[in-house]
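1. the following block contains a protein sequence and its predicted model.
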Amino acid sequence: MLENPDLDNAARLTFAEVTARLAGALLKAKLGTHVGVRSKDVRRNLVTEADTESEALIQQAITRAYPGEAILGEESGASGDAARGRWIVDPLDGTVNYAHGYRLFCVSIAWERAGAVRLGVVYDPMADECFRAATGRGADCNGRALRVSDCAALLDALVVTGFPAHRVARPLANLAPFQDFLSLAQAVRRDGSAALDLCYVAAGRFDGFWESGLHAWDIAAGKLIVEEAGGSVTDYRGDIATLDGAELLATNGSIHGEMVNALRRYAQKEI
């Protein structure tokens, strides 16, 4: 047992921020250079040399600071002893954006213990914005407290979504809820980085986010950041959202019921 888990979490949060900033600096330095790009399972699901170099940097830092703890990385998979804690890493969220020089991408690092995410960091190197949260300690961006928006009605809301590249059976399935929200919300966006979309909900820039087919590394840090900023996170039915669940809905809380009502009929459908 840890004698002072709060102090341990604070140290881990600082470590995660420093590491995310180092990885982000690597990504920024390589942006626009000739980076090797290849497809993974499908053509739209890309990985670059920057992804693998960023993940190697993060893994090496974790192994030095917390030897033996588990790491779940997007590119390298799982390793280590999850009973001692698990680091959940997306070394480059928004790879397609990055490969095209579109300046919206980030690094995401979360730490989970006993099945609960205890802290999360998402770093956007182009905006130099570091979003952070620890359980029960609130969320901040570059030291400024985060709070979700006060938008009270979906009709006045700016919402955002994504279309996961790896879902090939029904690649256009999310067009149905997308079309619904074009009339239900004030406007809809698609930015290509789930981790940043979640952070933007936490910061009050978006009022709601929905997406299906996400992985733990896409959402672990961002989910906690939204919750600690006062938002609501569930699946499409309004039930508890898990890191390996089929879908995710995150909102400012006030419009959550309206978005659940719109999404419920799409629950558990492949995207």
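-> That came through fine.

2. give the closest residue to H256 in space, chain neighbours not counted.
-> S232 (4.5 Å; Cβ to Cβ, 6 or more residues apart in numbering). All C-beta atoms are positioned from the backbone trio N, CA, C, and that covers glycine.

3. contact partners for the one you found?
-> Residues near S232 by Cβ atoms under 8 Å, 6 or more residues apart in numbering: 226, 250-253, 256.

4. go on, R103?
-> Taking Cβ under 8 Å, 6+ apart, one finds 31, 97, 126 in contact with R103.

5. what strand or helix carries the residue positioned nearest the centre of the chain?
-> Note on the chain: the residue nearest the mean C-alpha position is A195, at 2.5 Å, using Cα atoms, centre = their mean. Assigned by DSSP states H and E, A195 belongs to helix 194-202.

6. elements contacting that helix?
-> With contacts defined as 3 or more Cβ pairs under 8 Å, 6 or more residues apart in numbering; DSSP states H and E, helix 194-202 has these neighbours: strand 81-93, strand 106-113, strand 116-124, strand 129-134, strand 158-161, strand 208-212, helix 216-228, strand 247-251.

7. list the buried residues for that helix?
-> 194-202 (16 or more other Cβ atoms under 10 Å).

8. nearest to R144, of the residues you listed?
-> Of all the buried residues of helix 194-202, A202 has the smallest distance to R144: 11.6 Å, by Cβ to Cβ.

9. against V160, how distant is the closest residue to that closest one other than its chain neighbours?
-> Spatially, and ignoring its direct neighbours in sequence, A202 is nearest to A229 (3.7 Å; Cβ to Cβ, 6+ apart). Here the criterion is Cβ to Cβ, to the nearest Å. By it, A229 lies 16 Å from V160.
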